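J.: this one's sequence-less:
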């Protein structure tokens, strides 16, 4: 298993890191076996971290709709993250901004997928790593 997250590299470092954090948390929802266990240190506990790779790619000129089609075609768990999600501090407002809207009517800044290694490699094979 692995995760690939594709970001709009022109969004700015803070927005990109926030999007990656939100997508990671969303993709790990209901995926408890993909997280490690707590590790006891001296006088503190290391929290569980992921047991699978998380790769971050640049969107370049790829169309968000095409990435969605790829994810669905490969039966990957996917998550879309939008500027609407970053510009609110109230979840109800976020819902009202995106509910029922097609991807073409929201401002996508990142897209993440979770799946078997070979399917993820196929999904993201033509994307460049974000460096």
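T.: Ah, there it is. Predicted, not measured: the structure shown is a model, and the values here were computed from it.

J.: please pull out the lowest mean pLDDT helix or strand from the chain.
T.: helix 83-86 (a mean of 92; mean pLDDT, DSSP states H and E).

J.: which residues are in contact with that one?
T.: 15, 18, 19, 22, 94, 97, 98, 106, 107, 108, 109 (CB atoms under 8 Å, 6 or more residues apart in numbering). Quick note: C-beta positions are derived from backbone N, CA and C, even for glycine.

J.: give the next helix or strand downstream of it.
T.: Per DSSP states H and E, the first helix or strand lying C-terminal to helix 83-86 is helix 91-98.

J.: against which helices or strands is the following helix or strand past that next one packed?
T.: Downstream of helix 91-98, the next assigned helix or strand under DSSP H and E is strand 108-115. Applying 3 or more CB pairs under 8 Å, 6 or more residues apart in numbering; DSSP states H and E, we find strand 108-115 packed against strand 2-7, helix 13-27, helix 64-73, strand 77-82, helix 83-86, helix 117-124.

J.: list the helices and strands the longest one packs on?
T.: Judged by 3+ CB pairs under 8 Å, 6+ apart, helix 13-27 is in contact with strand 2-7, strand 54-58, strand 77-82, helix 83-86, strand 108-115.

J.: what mean pLDDT does the next helix or strand after that helix have?
T.: Sequence-wise, the next helix or strand downstream of helix 13-27 (DSSP H and E) is strand 39-40. Averaging pLDDT along strand 39-40 yields 96.

J.: who's in contact with strand 39-40?
T.: 45, 46.

J.: walk me through which strands the helix or strand just after it pairs with, and which way each runs.
T.: Later in the chain than strand 39-40, the nearest helix or strand by DSSP H and E is strand 45-46. Under the criterion DSSP bridges, strand 45-46 sits next to strand 39-40 (antiparallel) in its sheet.

J.: how distant is the partner strand from the center of its chain?
T.: Here strand 39-40 is found 27 Å from its chain centre; the criterion is CA atoms, centre = their mean, to the nearest Å.

J.: ok, now stretch 34-45?
T.: On CA atoms, centre = their mean, the centre of stretch 34-45 falls 25 Å from that of its chain.
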